[in-house]
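Enquirer: sequence and computational prediction follow.
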Amino acid sequence: MLLASYTGQPFEAGLDEAGRGCLAGPVFAAAVILPADFNPQYLNDSKQLSAKRRAVLRPIICQEAVAWAVAEASPTEIARLNIAQASYLAMHRAVAALGVPPTHLAVDGNRFRPYEGMAHTCLIKGDAHYRHIAAASILAKTFRDERMMELAEQYPEYGWAQNAGYPTLSHRAAIRTHGPTEHHRMGFRLL
């Protein structure tokens, strides 16, 4: 059973990212502040849920959250900063976009660049233990998948509708055949 928050503070925000290990597309991050009693059926780490369950949970999270925001860092920013720093940038952008200022940040993972004036706690596998981080993982994943579906319409040969930019054999074969696009992360080993 997932816990409501790490500190028990009413406006603690959960943070998570999606797309860190991809070869193409932006990295997305979400910040979510939930009511203490928010606990819909099947809420869990997005990686443990089917696309159908994520699609059902996303509007529930967006409707019932105290505040939520999704942000991204582009492949150009990833190349300039590195993927870890670009992930933190996306998380910072999500926190800045929240309509309610958080009192604490509960961050999925073991590292984070401090957000000025805000205490944070890094929580390994936090998306499998805390509701607000699980909700953030679902929003980051579904918004990023949506973007990759849009990009797949422009570049169908890379299979982004299926692989979401991750390094599958077919994605790497398409890069060998067609070369990289402006959406590929040029600092990554693409082949």
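Expert: Nice, I can see it.
Enquirer: residue 65: how many residues sit nearby?
Expert: 24 (other Cβ atoms under 10 Å). Where you see a C-beta, it was placed from the backbone N, CA and C, and this is true even at glycine.
Enquirer: tell me how far it lies from residue 101.
Expert: To residue 101, residue 65 is 14 Å away according to Cβ to Cβ, to the nearest Å.
Enquirer: just the helices in this structure please.
Expert: Secondary structure of the chain by DSSP state H: the helices cover 51-64, 75-81, 83-97, 131-154, 160-163, 169-178.
Enquirer: and the closest residue to residue 99 other than its chain neighbours, how close does it get to residue 32?
Expert: Once flanking residues are discounted, residue 99 sits nearest to residue 67: 4.6 Å by Cβ to Cβ, 6 or more residues apart in numbering. Using Cβ to Cβ, residue 67 is found at 8 Å from residue 32.
Enquirer: shared neighbours of these two, anything?
Expert: Common contact partners of residue 67 and residue 32 (Cβ atoms under 8 Å, 6 or more residues apart in numbering): residue 13.
Enquirer: out of those two, which sits in the more crowded spot?
Expert: residue 32 (32 against 16).
Enquirer: quick check: bridge partners of the more buried one?
Expert: residue 14, residue 68 (DSSP bridges).
Enquirer: would you mind measuring from it to residue 56?
Expert: 16 Å.
Enquirer: ok, now residue 97?
Expert: 24 Å.
Enquirer: next: residue 131.
Expert: On the measure of Cβ to Cβ, residue 131 and residue 56 end up 16 Å apart.
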